[in-house]
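Trainee: need coordinates for the below:
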Amino acid sequence: MTKKEFIKYLLILVALLLTTSFLVTPVQAADQESFYGDPLCLPEVFGYDQTDCLVMGPAEFLTTMNKKGISVPFQPLPAYKPDSNYNLAPAPYLTVGDNSFPVYASLDDALAGTPARYLEAGMKYLAVYQRLDRDDGIFYQLMNGLWVDAGEANTECCIRSGRFQGLKFYQNPANPFGWVLDIIDVYKAPGAGSDLTGKKLYREDVVQIYDTVTVGAADWYMIGVDEWVERRKVRQFHVNTTPPEGVDNNRWIELNLQEQTLGVYENGKLVFAALVSTGIDPF
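Mentor: So this is what the prediction gives:
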């Protein structure tokens, strides 16, 4: 093949390729459905008049919590435990109450069996001044000077310290809190039929309460994100910074007999809170 022939065939091939490209119809992409709805809102707090996005998912959760006055992430309780030395009592205590028993004005009276009076049955704590061990029994002199025969009182010495501690506060808590009464399971949603989280709480654990929901006949507390416990298992502390009538020095102590809690206030601020056991009338 000569050079002229080669160039001739090359030009024909190029012409054919160009002609073919004009004849081919481009393939059109399939029509796709367009989305005309609102997008999801970013995870922020939104008002009631939000119109340019959907308040769902994280944005809905944050907005709901904000309407309840709860900030997210949840803040720790502004409190701490007092010095453990405060648990030590200045005097040991006897626990009595299983039965009525006599008390004596002196040791001689106790040895002679001549009582000054009787203490009725019912749980009591008696502060002890001294203990006297004798061959004929164990005797306790109380801080008020009276004497008790340990055998007659059916008691043993002594309670010298407490285990439970309350909480000292450096500012008012933003939401209610409480103490767990027993070992309990935590649920993912309110209601005994809900799934468990696998988390357990123990006696005297402190929880913050972010919401309350009634399911059936039971109230449930929200203590975290997707964490719920039954209200009966918690003693809730209700913060009340309003001085009761008659208080004119801005210092007071409030007892909640239903929840069995105690709060100490000063200048409109909660400074101490604890569980208590007030007993029954007349104790």
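
Trainee: rest of the way, CA atoms for contacts and neighbours
Mentor: Noted.

Trainee: K124 contacts V96, correct?
Mentor: Yes. Counting by CA atoms under 8 Å, V96 is a contact partner of K124 at 5.3 Å.

Trainee: of the two, who's got more company?
Mentor: The neighbour count for K124 versus V96, taken as other CA atoms under 10 Å, is higher for V96 (20 against 15).

Trainee: roughly how far does that one sit from M143?
Mentor: 15 Å (CA to CA, to the nearest Å).

Trainee: returning to what we had before: which residues are in contact with both of K124 and V96?
Mentor: Among the neighbours of K124, none is also in contact with V96 (CA atoms under 8 Å, 6 or more residues apart in numbering).

Trainee: which residues in the stretch 51-200 of the chain form helices?
Mentor: Secondary structure of the stretch 51-200 of the chain (DSSP state H, counting those that start in this stretch): helices at 58-67, 107-112, 150-153.

Trainee: can you list these in TSV and add mean pLDDT and distance to R160?
Mentor: Formatted as TSV, the helices of the stretch 51-200 of the chain follow (pLDDT from 0 to 100; distance: least, CA to CA, whole Å):
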stretch	mean pLDDT	distance to R160
helix 58-67	80	45
helix 107-112	95	24
helix 150-153	92	17
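
Trainee: to E120, which of the ones you listed lies closest?
Mentor: Of all the helices of the stretch 51-200 of the chain, helix 150-153 sits nearest to E120, with 10.6 Å by CA to CA.

Trainee: and the closest one, what does it pack onto?
Mentor: strand 101-103, strand 137-142 (3 or more CA pairs under 8 Å, 6 or more residues apart in numbering; DSSP states H and E).

Trainee: quick one: buried residues of it?
Mentor: Residues of helix 150-153 classed as buried by neighbour count (16 or more other CA atoms under 10 Å): 150, 153.

Trainee: again, but for stretch 114-125
Mentor: Per 16+ other CA under 10 Å, stretch 114-125 contains these buried residues: P115.

Trainee: what residues does that stretch touch?
Mentor: With contacts defined as CA under 8 Å, 6+ apart, stretch 114-125 is touched by 93-105, 109.

Trainee: between the residues you listed, which is nearest D211?
Mentor: T95 (39.9 Å).

Trainee: quick one: the most centrally placed residue in the chain from K188, how far?
Mentor: Nearest residue to the geometric centre of the chain (CA atoms, centre = their mean): V207, 0.8 Å. Taking CA to CA as the criterion, V207 is separated from K188 by 16 Å.

Trainee: S84 now?
Mentor: From S84 to K188 the distance is 35 Å (CA to CA).

Trainee: who has more neighbours out of the two?
Mentor: K188 (20 against 12).

Trainee: assign the nearest residue to D211 once chain neighbours are set aside to helix, strand or coil.
Mentor: Nearest non-adjacent residue to D211, counting by CA to CA, 6 or more residues apart in numbering: M222, 5.0 Å away. On the three-state scheme (DSSP: H, G, I helix; E, B strand; the rest coil), M222 is labelled strand.
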